[in-house]
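Enquirer: Test case, fold it:
(2 chains)
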Amino acid sequence: MQLIGASRTHAGRYGWPVMAATWCMAGVLSVASAAEPVSVQYPIAPQGSHNGVDVPQPIDFPHDIHTRDNKINCLYCHTYGRQSKVAGIPPTSKCMGCHSVIATDKPRIQQLTEFWEKKQPIPWLKVHDVPDFVHFTHEKHLKRFIFDNPEVMNDLSVDTVAPVCALCHGDLRAKTVAKKDKPMTMGWCVSCHEKNGGPGDCWQCHK
Amino acid sequence: MSLKNLVTDWPRYRQGIEEGGFQHYEHRWGMAIDLNACIGCNACSTACYAENNLAVVGKERFAKGHFMHWMRIERYWDENYAEQQHPEQGAHFMPMLCQQCGAAPCEPVCPVVATYHTPDGLNAQVYNRCIGSRYCNNNCPYRVRYFNFWSYYESSWPEPLNLQLNPDLTVRDKGVMEKCTFCVQRIRVAKDKARMENRKVKDGEFTTACAQACPTSAITFGDLMDQDSAVTRLWAKHEVSRYDDKGRPVQEQNKAHPELRGYRVLEELNVDPSVMYLERVREELA
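Expert: Numbers count the residues shown, from 1 in each chain, chains lettered A, B, ... in the order given. Okay, here's the model as predicted:
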């Protein structure tokens, strides 16, 4: 339900072609400029790790091929993160935007095409799920660490954006299927809030 | 809340009113309720049920005192009112909700700091932290904290009412206190939006569910730190203030002028409530 709502807002505000063009441009530019990984001062990351279980997705989506090899920006697919609480899973139409022509002979793409032709949504499973009593917005965190951060904005590419996402999601450039990597506990959230000056008020997050 | 916040921020926010109180709130959400306009229709209470996922406990549990209406309409009758000249005037109504006191008596007694003071001047209740000692309820002079005696999960709402639950708010579990939050989920959305647009929260941008539902607009909600907000102007118009000229807490409002109807309930307790009531003017009783 959240996805549907978010996509409606998104299409209303910008329209798909504009956004797609913007992020495609970003992707293309980054391929041209990012010969070496850029060293950027990132916020102090929360400490801790967590060996999450593998989530059996309907299609084994390879994040590394998309981000590490093809330099597609995280926010190209998870586009609602910049304007809503959830970053969202892209609709199948977004996958098909490229994969109607790219790598159509691969078995995973054929699985994808099957869903597309049957007009069925792909039943992706949620990997990073915070409890219902937690209020978390991607919007504000992205504003703080990406859009208000000149170091990232001066060179907006997957190599500058992915480390920000990696604070909570682990580095997806080194993963195939997404897997929970960080503990995602309250103490872990608070440790980052304390180091980076986030709010310390209970009601900012607890609802 | 980390230990640091607990030790430093919390006592600062609820700095004793006898020490001048805390004056530097980011916002101080406040309310004005005009009892002249209140018709006792309970729309505010109903709106609160819908907005805040409140459980309907039923007659029997209500009789046992297990009710959980965060906002109630209190009724008062004059003594021997039936014999009086205008018995048709009926009861006095008073919508009673959490007064979000500046120096709240409920806060210091909580053994686990589940209730604390926010930088917005609200009395917060953190449900996850609450162990259900009910001490806060015993210490609340307004009796506006409610204990959840039974589990009311999503499944306990009959179909299709489970679909109307507000996702911005938890469905509370058994064994915790709950209370009016001044619709903190709406506050949060408005503040998030303002922050994303790099501006301050505008007056009238949002309001609480009760104020929104009131058919006679008896309830005004806003930010008392904002000098131009409707609620601040109303407080000023009726000369209700938290402190007198010398910075001392006001214990009783000046009622010399008949136009000044404002007062805060149980002001003499020095709890610094955020809700101002405007007295109802009635026909002279014989």
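Enquirer: Please make it C-alpha for all contacts and neighbour counts, starting now.
Expert: Noted.
Enquirer: For A:H138, list the residues it contacts.
Expert: A:81-87 (Cα atoms under 8 Å, 6 or more residues apart in numbering or on different chains).
Enquirer: ok, so of the residues you listed, who is nearest A:H193?
Expert: Sorting those by how near they are to A:H193, with Cα to Cα, puts A:K85 at the top with 17.8 Å.
Enquirer: separation between the closest residue to B:M71 other than its chain neighbours and B:N139?
Expert: Distance criterion Cα to Cα, 6 or more residues apart in numbering or on different chains; nearest residue to B:M71, sequence neighbours excluded, is B:L97 at 4.6 Å. Separation of B:L97 from B:N139 (Cα to Cα, to the nearest Å): 15 Å.
Enquirer: for B:C210, helix, strand, or coil?
Expert: Secondary structure state of B:C210, per DSSP: H, G, I helix; E, B strand; the rest coil, is helix.
Enquirer: can you pull the contacts of it?
Expert: Here B:C210 is in contact with B:43-45, B:47-48, B:219 (criterion: Cα under 8 Å, 6+ apart).
Enquirer: just B:Y127 next, same as before
Expert: Contacts of B:Y127 (Cα under 8 Å, 6+ apart): B:114, B:172, B:176-178.
Enquirer: And those residues, which is closest to A:N70?
Expert: The closest of the contacts of B:Y127, once distances to A:N70 are taken by Cα to Cα, is B:R172, at 46.0 Å.
Enquirer: how near is the closest one to B:P111?
Expert: The gap separating B:R172 from B:P111 is 20 Å, by Cα to Cα.
Enquirer: next one: B:N166
Expert: B:N166 sits at a distance of 30 Å from B:P111 (criterion: Cα to Cα).
Enquirer: just B:Y142 next, same as before
Expert: In terms of Cα to Cα, B:Y142 sits 20 Å off from B:P111.
Enquirer: Repeat that for B:Y277.
Expert: B:Y277 sits 32 Å away from B:P111, going by Cα to Cα.
Enquirer: who's in contact with the nearest residue to A:N149 once chain neighbours are set aside?
Expert: Distance criterion Cα to Cα, 6+ apart; nearest residue to A:N149, sequence neighbours excluded, is A:K143 at 8.0 Å. A:K143 makes contact with A:82, A:149, B:196 under the criterion Cα under 8 Å, 6+ apart.
Enquirer: Wait, A:T137 touches A:V86, no?
Expert: Yes: A:T137 lies in contact with A:V86 (Cα atoms under 8 Å); the separation is 6.6 Å.
Enquirer: Wasn't A:C192 part of a strand?
Expert: No: read with three-state DSSP, A:C192 is helix and lies in no strand.
Enquirer: That one: neighbouring residues, count only.
Expert: Counted with other Cα atoms under 10 Å in any protein chain shown, the neighbours of A:C192 add up to 17.
Enquirer: Which of the contacts of A:H138 fall in helices?
Expert: Nothing among the contacts of A:H138 maps onto helices, per DSSP state H.
Enquirer: of these, closest to chain B?
Expert: If you rank the contacts of A:H138 by distance to chain B using Cα to the nearest Cα, A:Q83 comes first, at 8.9 Å.
Enquirer: For stretch A:200-207, list the C-alpha coordinates in PDB.
Expert: Extracted C-alpha coordinates of stretch A:200-207, given in PDB (Å, rounded to 0.1, in the frame of the first residue of the first chain):
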ATOM      1  CA  GLY A 200      17.800  12.400  21.300                       C
ATOM      2  CA  ASP A 201      14.200  12.700  22.100                       C
ATOM      3  CA  CYS A 202      12.200   9.500  22.500                       C
ATOM      4  CA  TRP A 203       9.200  10.800  20.600                       C
ATOM      5  CA  GLN A 204      11.300  11.600  17.600                       C
ATOM      6  CA  CYS A 205      11.300   7.800  16.800                       C
ATOM      7  CA  HIS A 206       9.000   6.100  19.100                       C
ATOM      8  CA  LYS A 207       5.300   6.400  18.300                       C
END
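Enquirer: Now tell me what touches it from outside.
Expert: A:133-136, A:190, A:193-194, B:1-2, B:5, B:118-119, B:124, B:126, B:168-170, B:185, B:188.
Enquirer: Secondary structure element for A:R108, which one?
Expert: Per DSSP states H and E, A:R108 falls inside helix A:107-117.
Enquirer: Give me the distance from that helix to the chain's centre.
Expert: Per Cα atoms, centre = their mean, to the nearest Å, the displacement of helix A:107-117 from the mean C-alpha position of its chain is 22 Å.
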